[in-house]
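Enquirer: Just a sequence and a predicted model for now, questions to come.
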Amino acid sequence: MTTIASKLQSVYAQISDACQKCGRQPTEVALLAVSKTFPAEAVREAALAGQRAFGENYIQEAVDKMAAVRAMADVPALQWHCIGPIQSNKTRLVAEHFDWAHTVDRDKIAQRLNDQRPDGLAPLQVCIQVNVDGGTSKSGCSPDEAVALARVIAGMPRLCLRGVMSIPDPQADDAAMLAVHRQVVAVFARIRDSVPGLVQWDTISLGMTADMHTAIAAGSTLVRVGSGIFGARDYRTQA
């Protein structure tokens, strides 16, 4: 078993253990392997070990990586999630190449993604990024803005609004982290109860390597794990 394959098995076991501790089924929580900064070969190793969903932050890097992975004859079809900030000049790349966008936080970006999504592709699956703890250095709309944004996105034919995503700041202990994670789940529930016409409202993208256990306890349905699968990152080559 390769190192990536063994680490994947460890993460799956951690998810299962976290679910067991809070009375949930492991099938309720999906794993997104965050492959940003890692080469196509690392994605290949994870894919051959059974992982199918991959998250990328750097959009141009991701598009190049997708092409490299598609050229590998032994890699099955994969699902690609954009989990980094989306600037206006990058919306076309996201609309044309990704299956999911987790970081939609304003009307302008949603509208551009909708307008630029090719007719031949399925609707882009979208999460609204919510900044629940008010961190000034992070992207994301406020909980109140999220409800209004959800109403707008729900009417866009080339987008399918699936849920919310958040990256809360680390807290002093698990109890404090759990409380913040529950704020995200509360936003999810508020949108569900306030916005009509949500066809497939089912995704809470919450929790990473260090905090996925409290995210799962709060109700996360998708955890984003990178270093726990691929190892430490080297950001020196990133612009």
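Expert: It's in. What you see is a predicted model; the values in this text were computed from it and never measured.

Enquirer: Okay, now the unreliable bits of this structure?
Expert: 1, 135-137, 235-239 (pLDDT under 70).

Enquirer: Kindly list the longest strand within it.
Expert: strand 159-166 (DSSP state E).

Enquirer: Partner strands of that one, with direction?
Expert: Based on DSSP bridges, the pairing partners of strand 159-166 within the sheet are strand 124-129 (parallel), strand 203-206 (parallel).

Enquirer: which stretch among those strands comes nearest Ser16?
Expert: Across the strands paired with strand 159-166, Ser16 has its closest neighbour in strand 203-206 (17.6 Å, CB to CB). Any C-beta I mention is one placed from the backbone N, CA and C, and that applies to glycine too.

Enquirer: Packing partners of the next helix or strand after that closest one?
Expert: Per DSSP states H and E, the first helix or strand lying C-terminal to strand 203-206 is helix 212-218. With contacts taken as 3 or more CB pairs under 8 Å, 6 or more residues apart in numbering; DSSP states H and E, helix 212-218 sits against helix 3-22, helix 174-194, strand 222-225.

Enquirer: Please compute how far helix 212-218 lies from its chain's middle.
Expert: 15 Å (CA atoms, centre = their mean, to the nearest Å).

Enquirer: just to revisit the earlier point, just put the strands paired with strand 159-166 in a markdown table and tack on distance to Leu159.
Expert: Formatted as a markdown table, these follow (distance: least, CB to CB, whole Å):
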| stretch | distance to Leu159 |
| --- | --- |
| strand 124-129 | 5 |
| strand 203-206 | 13 |
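
Enquirer: Out of those strands, which is closest to Val34?
Expert: strand 203-206 (11.3 Å).

Enquirer: With only the CA atoms kept, save that closest one in PDB.
Expert: The C-alpha trace of strand 203-206 is given here as PDB (Å, rounded to 0.1, in the frame of the first residue of the first chain):
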ATOM      1  CA  THR A 203     -24.100  19.900   2.000                       C
ATOM      2  CA  ILE A 204     -22.200  21.400   5.000                       C
ATOM      3  CA  SER A 205     -18.600  21.700   3.800                       C
ATOM      4  CA  LEU A 206     -16.900  22.100   7.200                       C
END
